[in-house]
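Novice: Model the following, please.
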Amino acid sequence: MTSPKATDSIAQAPDHYLGGLLERLHGKTAPRLRDALRTLFRELAVGHVCIDLTSTGDDRNSGSRQQGKAWAAWRRELEQSPVVGAPGERRPLVLDGSGRLYLYRHWALENDLARRLRRRVRQKPRIDHKRLAAGLEELFPVAVAPESPDRQRLAATLALLRPLCIISGGPGTGKTTTVARLLALWLEQHSTAPPRFALAAPTGRAAARLGQMVALEAERLELPSALRDPPVLTMHRLLGARRDGGFRHTREHPLLLDLLVVDEASMMDLELAAALLQALPEQAHLVLLGDKDQLASVEAGAVLAELCGDAEGYSPGLIEELGGFCPGILPAAPRPGFDDSVVLLRHNHRFSAAGSIARLAEAVRAGDSQSALELLEEGGDGGLRFQNLDNTGELRKALKRVLPPWLEPYLESLRREDPEQALEAFQECRLLAVLRKGPYGVDGLNLMVEQWLRTQGQGPTQFDPWYPGRPVLLTRNHHARRLYNGDLGLTLRKPGAEASLYFASPTGSARLLPPAVAPPHQTAFALTVHRSQGSEFERVCLLLPPPGHPQLTRELFYTAVTRARRELEIWGTTAAVKQAVARPAHRNSGLGEMLRASREPSRSWREQPHANQLRVGPGTTI
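Specialist: Numbering: from 1, shown residues only. Have a look, this model is predicted:
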């Protein structure tokens, strides 16, 4: 039986109030309309943009599988409702021709994004081809008789020849080094009038890391001085986020940019992507970096995955155009990535493809659970280890085995009172979890680590949460001190002094921050896999929840595996591993279909003349 408190919570949900409003506009009680709305809000909460009413529900990983058989009946009733419109009509709900049910706002965002992307790829940039060819030879020297093209060179070339370039690849495939070089090529094209460019990312930590990597590569290759300290911002700061949820830069007040590079684009949700394309001038070049196989954004949408699609290859026209710039045989495809704009980087420069972690990552990406389990059981080159855990008691035993070799060097560095050395030692290893709460989540792991520290005479006390060695992860930006959401700090305390927080700076030195003025934060011996995106560690220990949990997906498992550079230990059951590898995190969306449609997406009512009223029924408007 549902408790009164739970009932009150359900009654206060947004779909409850909107459902009542739509019923009043509908003119009568409509149980199926309310059911559809409740399901739509539940789908939005787990990242879907819409409901696919043609699905049977068998391949879904949200809580609405039981609705599959009822959706045909829902669709018939929804098509007759005055509060449900076709694409382009201003109604509260939109039902498109493919059977997708949207809130109007999300349909409009998706439709507007698709239209702007399609217009962008039709632009023809003016490029000095001779200067481009010479720059490519200098920055991407060609091997003798290459069997296949240098994909980094291909990505840099496409970024100049196309107004939109999507570069997807896993860790170590050279995305940021490619960006530094393509920026140098771009600056060379505009030597007389330097263009306005910027680097951005969805989070402060990812933006800072992108700027650091580009600056380091620019210094190593002696690239133009403008790249030694490039302009880098979060996407929200770039767009000028306002307190009301809107942005200062819109289509009426566009960004003054000629080139924008966005890193960690897999974390970019539908709303943020739509706002970016509205604010970016059509003639400006846009380069999106990310890994299409990683976790998608926390909010609704999977924009990068939709842009990349399934096909890999290029049209005959592009292959001919690239012939003089990228020697080698380019793959042809009848249906290439979105308008020939996608480059997939495959070669890993960080570790050998024959390494056990690289092989496991490839097996997970391919959905091959049998090969993944065989690799975990064999251990490969010693870089993999699998611990079969059936209960929390076994988890505590596993932690007691792992913690001493990991934390001893870290604790020793604390005794030396050297912040830089302590930060470096702590970054060697990280505990990752799928969940936030419970014994199989981050909170439970952090608590177990602190309990172990107490047995060593360290850790928190009843009166002192800022114990020496406590790691904290910032959960909000602190722009005045150039600290960002996702930055890691360590607590140190000299004898007789107050505790201080130390954060690594771009130059490698430690920056001091009094705990009293620290932004919102959390203890960070363990991180969620979502929080770990954009970071890498020498050793990773990953804790999987029991099988059946909806967050246990292929993309999450792949993201966790690719955080490890040298060693990876996985704690869980074989059933949990099988589920994680076999279960892709599909998100319902119509963006891919809109991008690849033979005709332009429908115009929303905002762009249609004299369409300034919301029609909800005969004689009724809002």
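Novice: how deep is the closest residue to residue 471 other than its chain neighbours tucked in, by neighbour count?
Specialist: With CB to CB, 6 or more residues apart in numbering as the criterion, residue 471 has its nearest non-adjacent residue at 4.5 Å, and that residue is residue 524. Backbone N, C-alpha and C define where each C-beta goes, glycine included. When neighbours are counted by other CB atoms under 10 Å, residue 524 registers 21.
Novice: Show me what the strand of greatest length in the chain pairs with in its sheet, parallel or antiparallel.
Specialist: Determined from DSSP state E, the single longest strand within the chain is strand 564-572. Strand 564-572 has these partner strands in its sheet, going by DSSP bridges: strand 384-388 (parallel), strand 537-543 (parallel).
Novice: So for the first one, mean pLDDT?
Specialist: Along strand 384-388, the predicted confidence averages to a pLDDT of 85.
Novice: ok, residues contacting the next helix or strand after it?
Specialist: Per DSSP states H and E, the first helix or strand lying C-terminal to strand 384-388 is helix 392-415. With contact meaning CB atoms under 8 Å, 6 or more residues apart in numbering, helix 392-415 is reached by 387, 389, 421-422, 424-426, 428-429, 439-440, 444-445, 448-449, 452-453, 456, 458, 468-469, 492, 539, 541, 543, 569, 571.
Novice: and the residues you listed, which are buried?
Specialist: Among the contacts of helix 392-415, the ones that count as buried by 16 or more other CB atoms under 10 Å are 387, 389, 421-422, 425-426, 429, 439-440, 444-445, 448-449, 452-453, 458, 468-469, 492, 539, 541, 543, 569, 571.
Novice: still on that earlier bit, the strands paired with strand 564-572 into CSV, with extra columns for distance to residue 294?
Specialist: Below are these laid out as CSV (distance: least, CB to CB, whole Å):
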stretch, distance to residue 294
strand 384-388, 20
strand 537-543, 15
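Novice: For residue 254, find the nearest of these.
Specialist: Of all those, strand 537-543 sits nearest to residue 254, with 39.6 Å by CB to CB.
Novice: which strands and helices sit next to the helix or strand following that closest one?
Specialist: Going down the chain from strand 537-543, the next helix or strand is helix 554-561, by DSSP H and E. If you count contacts as 3 or more CB pairs under 8 Å, 6 or more residues apart in numbering; DSSP states H and E, helix 554-561 packs onto helix 356-366, helix 529-532, strand 537-543, helix 574-582.
Novice: Reformat those as a markdown table; add mean pLDDT.
Specialist: As requested, the helices and strands packed on helix 554-561 are arranged in a markdown table below (pLDDT from 0 to 100):
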| stretch | mean pLDDT |
| --- | --- |
| helix 356-366 | 86 |
| helix 529-532 | 86 |
| strand 537-543 | 88 |
| helix 574-582 | 88 |
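Novice: For the ones you listed, could you give me TSV that also reports distance to residue 306?
Specialist: Shown next, in TSV, are those (distance: least, CB to CB, whole Å):
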stretch	distance to residue 306
helix 356-366	18
helix 529-532	20
strand 537-543	28
helix 574-582	22
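Novice: Which of the ones you listed sits closest to residue 482?
Specialist: So among these, helix 529-532 is nearest, using CB to CB, at 19.9 Å.
Novice: helix/strand/coil for residue 134?
Specialist: Put simply, residue 134 is helix when judged by DSSP: H, G, I helix; E, B strand; the rest coil.
Novice: Can you report how many residues neighbour it?
Specialist: Neighbourhood size, residue 134 [other CB under 10 Å]: 13.
Novice: swap in residue 124?
Specialist: For residue 124, the count of nearby residues is 9 (other CB under 10 Å).
Novice: Point me to the helix or strand that includes it.
Specialist: Counting by DSSP H and E, no helix or strand carries residue 124.
Novice: what stretches of the stretch 501-622 of the chain score poorly on pLDDT?
Specialist: Where the stretch 501-622 of the chain drops to pLDDT under 70, the residues are 505-510, 598-622.
Novice: picking up where we left off before, how far off helix 392-415 does the longest strand of the chain point, in degrees?
Specialist: Angle of strand 564-572 versus helix 392-415, following axes from the mean of the first three to the mean of the last three CA atoms, to 10 degrees, is 150 degrees.
Novice: got the contact list for strand 564-572?
Specialist: Under the criterion CB under 8 Å, 6+ apart, residues 350-351, 357, 360, 376, 382-389, 395, 398, 402, 536-545, 561, 577 lie in contact with strand 564-572.
Novice: Check stretch 246-254 too.
Specialist: With CB under 8 Å, 6+ apart as the test, stretch 246-254 has contacts from 236, 238, 239, 240, 241, 242, 255, 275, 278, 279, 280, 281.
Novice: What pLDDT is listed against the residue nearest to residue 79 when sequence neighbours are not counted?
Specialist: Take residue 79 and drop its neighbours on the chain: the residue closest to it by CB to CB, 6+ apart is residue 95, 6.5 Å away. We have a pLDDT of 85 for residue 95.
Novice: going forward can the numbers begin at 254, since that is how I track them
Specialist: All set: I'll call the first residue 254, so the last point we hit is now residue 348.
Novice: Assess the claim that residue 348 and residue 327 are in contact.
Specialist: No: contact criterion CB atoms under 8 Å: residue 348 and residue 327 do not qualify, at 9.8 Å.
Novice: Spit out the residues that contact those two alike.
Specialist: With CB under 8 Å, 6+ apart as the test, residue 348 and residue 327 both reach residue 306.
Novice: neighbour count winner among the two?
Specialist: residue 348 (25 against 19).
Novice: State the distance from the closest residue in space to residue 669 that isn't next to it in sequence to residue 653.
Specialist: Using CB to CB, 6+ apart and skipping the chain neighbours, the partner closest in space to residue 669 is residue 675 (7.9 Å). Noted for residue 675: a distance of 23 Å to residue 653, by CB to CB, to the nearest Å.
Novice: Over to residue 454?
Specialist: The spacing between residue 454 and residue 653, counted by CB to CB, is 38 Å.
Novice: neighbour count winner among the two?
Specialist: Shown here are residue 454 and residue 653; by other CB under 10 Å, residue 454 has more neighbours (28 against 12).
Novice: Does that one touch residue 463 like I think?
Specialist: Yes: Residue 454 lies in contact with residue 463 (CB under 8 Å); the separation is 5.6 Å.
Novice: show me where the stretch 454-603 of the chain has helices.
Specialist: Listed in chain order, the helices of the stretch 454-603 of the chain (DSSP state H, counting those that start in this stretch) span 457-474, 488-492, 523-532, 556-561, 569-575.
Novice: now the residue nearest the centre of the chain, nearest residue through space, not along the chain?
Specialist: Centroid-nearest residue in the chain: residue 520, 2.2 Å away (criterion: CA atoms, centre = their mean). In space, and not counting its chain neighbours, residue 520 is closest to residue 455: 4.4 Å by CB to CB, 6+ apart.
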